[in-house]
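Chemist: Test case, fold it:
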Amino acid sequence: METSTPTPPHRLDPAGGCPHADNARLLASGAVAPVLLPQDVGAMAVLGHEALREFLQHPDVAKDVTHFTALREGRIPEGWPLATFAVVKGMTTADGDDHRRLRSLVSRAFTPRRVEELRPRVEELTASLLDGLERAADAGDGVVDLREYFALPLPMGVICELLGVEAEFRHRLHELSNQVVATDIGPAEAVAANRELVGTLVAIAAAKAERPGDDLTSALIAARAEDGDRLGHEELIGTMMLMIIAGHETTLNLITNAVRALCGHPGQRALVAAGKAGWADVVDETLRWDAPVSYFPFRYPVRDLTVDGTLIPAGTPVLAGYSAAGRDPAAHGPDADRFDVTRPSRPDAVRNLSLGHGAHYCLGAPLARMEATIALERLFTRFPGLDLAVPEQELPRDASFVGNSVASLPVRLG
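Modeler: Numbering: from 1, shown residues only. From the prediction side, this is the model:
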């Protein structure tokens, strides 16, 4: 009798790199793949669009770290670079009533009305950053790192203003966030970065407790003071950590990837300039074609689960393969790897899953979309001749398989 040979696990490169070639190869073998994480921790990745959509909303899939079998049994080494994603206290690692409680405390800051109220401030900050971008280009022989001077400070400024975080903390918070999401970091560095990030947030929260303001951190502290059971101290710090990391890293990558896509596809850029597609279409297509997050940790089946014919044992850490799902030909057609801002949405499917799906859909998605749409429209309107200063293949990649972007984006404003 013939027996099938199990597919060997794909080792995710801790140094990151462009994920699309590996994604296509893995997808050709199935919608779910075994993977190896740093320090040989076994996991699974759900890569196919429909399989991922099913998995993200499956009732037998949890976020609570108590379901992570290897961690519970003490088989995860100290300083593991992905530990924060598993153990941080907050809505991304909570289920059921706990998740609803934590999400409700933050969601009021991200209602459509509240997001729309932020539009004038986003526009004002965008204009100021474009001025700074031009000055930096003039001082640098016409070349400027768009990621450093524009794509980063816009979402970082917005989320920190929402949280009431003073400007003096922002640069260091970004550096620490970058280390937390890095997958090539050593154990000692990972522990130190996490400790410093938590310490910084504790200090910010303590200052807000003494001098409350009209900001989200003060509101969270007030909710905790009203009812000690509503928000524990670890949950407060974990929520702040989540808001800062997710609130700027995702939008940073989205803006960066959209600029790269438009510079690499002048025909698509011309369609937008001619009014045949909108800037919101650019944002949507970038989310699909080059998702800002590639493999997001973690979810855990609470029982043995079969997804698209592949068994995922209970307690296995599972990554959501957003960048792979975005180019899945089964969902997006044979030209799924083509950047097309006029691509029609399928009436029977979510256009892309890059900001999540189900109960844990990204709370800040409307804000991220608004920031990116304003940023791209104002950037290319002011600098219609903007182009990359180096070939795309020479751009250095982020040192992470979680985030999906480049570490710098040198451009000429034209």
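Chemist: Low-confidence ranges, the chain, go.
Modeler: For the chain, the stretches with pLDDT under 70 are 1-6, 224-229, 346-350.
Chemist: what about the longest helix in it?
Modeler: The residue-count maximum for a helix in the chain (DSSP state H) belongs to helix 233-264.
Chemist: Figure out how far that one is from the centre of its chain.
Modeler: Distance of helix 233-264 from its chain centroid, counting by Cα atoms, centre = their mean, to the nearest Å, is 5 Å.
Chemist: now what about whichever helix or strand residue 84 is part of, what contacts it?
Modeler: Assigned by DSSP states H and E, residue 84 belongs to helix 83-87. Residues from elsewhere that reach helix 83-87 (Cβ atoms under 8 Å, 6 or more residues apart in numbering): 65, 68, 71, 76, 92-93, 180, 190, 194, 241, 297-298, 317, 402. Glycine gets a C-beta too; all of them are placed from N, C-alpha and C.
Chemist: picking that back up, give the buried residues for the longest helix of the chain.
Modeler: Under the neighbour-count criterion of 16 or more other Cβ atoms under 10 Å, helix 233-264 has 235-263 buried.
Chemist: How about the residue nearest to the spatial centre of the chain: what's its closest non-neighbour residue?
Modeler: Taking Cα atoms, centre = their mean, the centroid of the chain lies closest to residue 250, which sits 3.7 Å from it. Nearest residue to residue 250, sequence neighbours excluded (Cβ to Cβ, 6 or more residues apart in numbering): residue 292, at 4.9 Å.
Chemist: That neighbour is in contact with residue 406, isn't it?
Modeler: No. The criterion here is Cβ atoms under 8 Å, and residue 292 misses it with residue 406 at 11.6 Å.
Chemist: So between these two, which is more surrounded?
Modeler: The neighbour comparison of residue 292 against residue 406 (other Cβ atoms under 10 Å) goes to residue 292, with 25 against 19.
Chemist: ok, that one to residue 257 distance?
Modeler: 6 Å (Cβ to Cβ, to the nearest Å).
Chemist: Report the set of residues contacting both of those two.
Modeler: 404, 405.
Chemist: what sits up against stretch 326-342?
Modeler: Contacts for stretch 326-342 (Cβ under 8 Å, 6+ apart): 20, 23-24, 27, 31, 47-50, 261, 264-265, 268, 271-272, 276-277, 281-282, 285-291, 325, 343, 346, 349, 352-354.
Chemist: just to revisit the earlier point, mind listing what's buried along the following helix or strand past the longest helix of the chain?
Modeler: On the C-terminal side of helix 233-264, the nearest following helix or strand under DSSP H and E is helix 266-273. Neighbour counts using 16+ other Cβ under 10 Å place 268, 269, 271, 272 of helix 266-273 among the buried residues.
Chemist: correct me, but the last one touches residue 283?
Modeler: Spelled out, that is residue 272. No. The criterion here is Cβ under 8 Å, and residue 272 misses it with residue 283 at 11.0 Å.
Chemist: May I have the phi/psi pair for residue 355?
Modeler: With angles defined as degrees, to the nearest 10, residue 355 sits at phi -110, psi 20.
Chemist: residue boundaries of the strands in the stretch 251-400 of the chain?
Modeler: For the stretch 251-400 of the chain, applying DSSP state E, counting those that start in this stretch gives strands covering 295-301, 305-307, 310-312, 318-321, 387-388.
Chemist: Any idea which of these gets closest to residue 145?
Modeler: When the strands of the stretch 251-400 of the chain are compared by Cβ to Cβ, strand 387-388 sits nearest residue 145, at 11.5 Å.
Chemist: Downstream of the closest one, the next helix or strand is which one?
Modeler: strand 410-412.
Chemist: the helices in the stretch 51-200 of the chain, which residues?
Modeler: 69-72, 83-87, 96-107, 112-117, 119-139, 146, 153-163, 167-181, 187-210 (DSSP state H, counting those that start in this stretch).
Chemist: which helices and strands does the longest one pack with?
Modeler: I take that to be helix 187-210. helix 83-87, helix 167-181, helix 216-226, helix 233-264 (3 or more Cβ pairs under 8 Å, 6 or more residues apart in numbering; DSSP states H and E).
Chemist: Pull up the gap between residue 404 and residue 48, please.
Modeler: For residue 404 relative to residue 48 (Cβ to Cβ), the value is 17 Å.
Chemist: Between these two, which is the more surrounded one?
Modeler: residue 404 (27 against 24).
Chemist: dump the residue contacts of the more buried one.
Modeler: Contacts of residue 404 by Cβ under 8 Å, 6+ apart are 16, 19, 253, 257, 290, 291, 292, 293, 294, 322, 323, 398.
Chemist: any idea which of those is closest to residue 383?
Modeler: Closest approach between the contacts of residue 404 and residue 383, by Cβ to Cβ: residue 257, at 17.8 Å.
Chemist: Leaving out sequence neighbours, find the closest residue to that closest one.
Modeler: residue 290 (4.3 Å).
Chemist: Now the phi/psi pair for that neighbour, please.
Modeler: Torsion angles, degrees, to the nearest 10, at residue 290: phi -140, psi 70.
Chemist: my read: it touches residue 260, true?
Modeler: Yes. Using Cβ under 8 Å, residue 290 is in contact with residue 260, at 7.5 Å.
Chemist: Am I right that residue 389 is in contact with residue 408?
Modeler: No. The pair residue 389 and residue 408 does not pass the contact test of Cβ under 8 Å, sitting 10.2 Å apart.
Chemist: Between these two, which has more neighbouring residues?
Modeler: Per other Cβ under 10 Å, whichever of residue 389 and residue 408 has more neighbours is residue 389, with 20 against 14.
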